[in-house]
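Participant: Can you look at this prediction? I've put the sequence above it.
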Amino acid sequence: MSTKYVFITGGVVSGLGKGITASSLGRLLKNRGYKVVNQKFDPYINVDPGTMSPYEHGEVFVTDDGAETDLDLGHYERFTDVNLSRNCSITSGKIYQNVINKERRGDYLGKTVQVIPHVTNEIKEKIYSFENSDVDVVITELGGTVGDIESLAFIEAIRQFGLEKNREDVVYIHVTLLPYISGSNELKSKPTQHSVKELQSFGIKPDILVCRSESEIPNEIKDKIALFCNVRPENVIPNLTARTLYEVPMLLEKEGLARVVCKHLGLDKVEPNNSAWEEMIENITHLQGTVKIALVGKYMQLQDAYLSVSESLRHGGFANGVNVDIGYIDSETIKEDNAEQVLSGYDGILVPGGFGNRGIEGKILAVKYAREHNVPFLGICLGMQMAVVEFSRNVLGLKDASSAEFSLTTENPVIHIMETQKTVTDKGGTMRLGAYPCHIKKDTLAYEIYGQEDISERHRHRYEYNNSYKERLEAEGLKCSGTSPDGSLVEIVENVNHPFFIGVQFHPEFKSRPDRPAPLFASLVGAAKKFKEGK
């Protein structure tokens, strides 16, 4: 079977759920036995979102091979349970960087370098890269909305791609909004019509329309959309608001999205095996009770900055049969005189990753509260580092203990940049990005959680645990339970004098799935549930 390609564009407004549509379709095709990969085109000029403020673009999702990517790749992985690669996240910045590098090397043999064909050819190469693999279907989502000036090269590239492939190997899906006008009590199809007209003006005729709506779409509206947008009525797919994010694939299955895609692409495995996913949804909709977890971070103005962490906490709830009520707490608001007031109502505390010294003291106070009050605690990346700083200050008595990231004058840099990294002048070169192995010691909380000695988790950080303080910290109870295989890098610390207190240098949230939660999150929620019951 030749590789099949699905292109998903959006219109009317942003934020309609193109990423969830792409993720859901990937899950539905996978449930039919096809090997699927999702790909995202982002029109911004940044090479990747790694240098962007979380307020600009939400979290930076990291792949096994160390790519810093758009948060939609997190949705793709959580829905399809496929580990993606750097070729699944393509930006205008990457495309233009490649084109300019080729021009400088003379690869274009003196030609005038232009958007067409050179930029569009570079984009198509990223799609064709899956051609000779074992992938059956490539689902490519184009960020932004049709008509955005920065998206034009991508639109032109996927138009050309459709001409270069057989018609039955490519399908175009357009996601639009059907706004509801309360005054007249009706859904309006005109914005969808204009959006499709805009897409057609660029030479692309959408085969399927996914229509986002807050209410049921009457058949007469679907027929009208089909007539004016030149698609079959059965190819107008309603996308209504779901009770839970993970229910969207089943709603789109009911509306026939995967069936019309299979029909268009000539895929013969039409009948799905959705039983496991349906069972998961049934479990999610019958959760009993609630635990409250405080998420103490520094980017609280945009909760998408902690999207994977939030979803992983919910996954942990699924595993324990409880809802998780996440309290998003700005660490800058936590002071010595109000820490107990702010945190006392929670059954667990999680301090996530981050960069920079803003809000650090609030994070340290949250760690201290969890340690002193036996509240289940999980520290991730910077959260783990702040757990080491807090313990050093308040248990070892090293009052100026800090991270070299925040203080150049501290005499006790319990977190530092290793000597081997100090010679690297480019800060990006000192980052640990992507999957690294970790060896866990037996008879530890970490081993109890993972149930194995050797694991692999994804990283995104620059500073490391300072081994010069290891002996003193362990002597007082902050045990190093996980390290790199050679023992040189500390990956996991845990407080042996606490019922559940663990910090990890890596980001377990990037590998959590709704039907297979990351062990650390499942264990944190389980400990929080037990803590609540014991109150």
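Facilitator: Looks like it arrived, so ask away.

Participant: what's the spacing between the nearest residue to Ala401 once chain neighbours are set aside and Met386?
Facilitator: With sequence-adjacent residues excluded and distances taken as CB to CB, 6 or more residues apart in numbering, Ala401 is closest to Ser392, at 3.6 Å. Where you see a C-beta, it was placed from the backbone N, CA and C, and this is true even at glycine. Going from Ser392 to Met386 by CB to CB, to the nearest Å gives 10 Å.

Participant: who has more neighbours, those two?
Facilitator: Each of Ser392 and Met386 has its neighbours counted (other CB atoms under 10 Å); Met386 has more, 28 against 24.

Participant: Quickly find the element holding the more buried one.
Facilitator: Assigned by DSSP states H and E, Met386 belongs to helix 382-394.

Participant: give me every residue that touches Phe41.
Facilitator: Residues near Phe41 by CB atoms under 8 Å, 6 or more residues apart in numbering: Ile90, Thr91, Ile123, Thr140, Glu141, Leu142, Gly143, Phe154.

Participant: Can you tell me the number of residues neighbouring Lys18?
Facilitator: Neighbour tally, Lys18, other CB under 10 Å: 26.

Participant: From the contacts of Phe41, pick the one nearest Arg243.
Facilitator: When these are compared for distance to Arg243 (CB to CB), Glu141 comes out closest, at 23.8 Å.

Participant: Neighbours of the closest one, how many?
Facilitator: Counted with other CB under 10 Å, Glu141 comes out at 27.

Participant: Specify the local secondary structure of it.
Facilitator: Secondary structure, DSSP: H, G, I helix; E, B strand; the rest coil: Glu141 is strand.

Participant: Does it touch Gly17 like I think?
Facilitator: No - look at Glu141 against Gly17 with CB atoms under 8 Å: they stay out of range, at 10.6 Å.

Participant: Only alpha carbons, please: show the helix or strand harbouring Ile127 as CSV.
Facilitator: Assessed by DSSP H and E, Ile127 sits inside helix 120-128. C-alpha atoms of helix 120-128 as CSV (Å, rounded to 0.1, in the frame of the first residue of the first chain):
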residue,chain,number,x,y,z
THR,A,120,7.8,25.0,-1.1
ASN,A,121,10.1,22.2,-2.2
GLU,A,122,11.8,22.2,1.3
ILE,A,123,8.4,22.0,2.9
LYS,A,124,7.4,19.0,0.7
GLU,A,125,10.6,17.2,1.5
LYS,A,126,9.5,17.2,5.2
ILE,A,127,6.3,15.5,4.1
TYR,A,128,7.9,13.1,1.7
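
Participant: which residues touch it?
Facilitator: Residues beyond helix 120-128 that count as contacts (CB under 8 Å, 6+ apart) turn out to be 5, 39, 41, 87, 90, 95, 98-99, 138, 140, 153-154, 156-158, 160-161, 164.

Participant: repeat for stretch 481-493
Facilitator: Counting by CB under 8 Å, 6+ apart, residues outside stretch 481-493 touching it are 384, 387-388, 436-441, 444-447, 454-455, 457, 464-465, 467, 470, 473, 478-480, 494, 502-506.

Participant: Can you say which of these are buried?
Facilitator: 384, 387-388, 436, 438-440, 444-447, 455, 457, 464-465, 467, 470, 473, 478-480, 494, 502-506 (16 or more other CB atoms under 10 Å).

Participant: Which members of those occur in strands, if any?
Facilitator: The strands, defined by DSSP state E, take in 436, 438-440, 455, 457, 464-465, 478-480, 494, 502-504 from these.

Participant: Now for those residues: which two are most distant?
Facilitator: The largest separation in these, counting by CB to CB, is between Tyr436 and Leu478 at 21.6 Å.

Participant: and stretch 334-343, how far apart are its ends?
Facilitator: Stretch 334-343 has an end-to-end distance of 9 Å (criterion: CA to CA, to the nearest Å).
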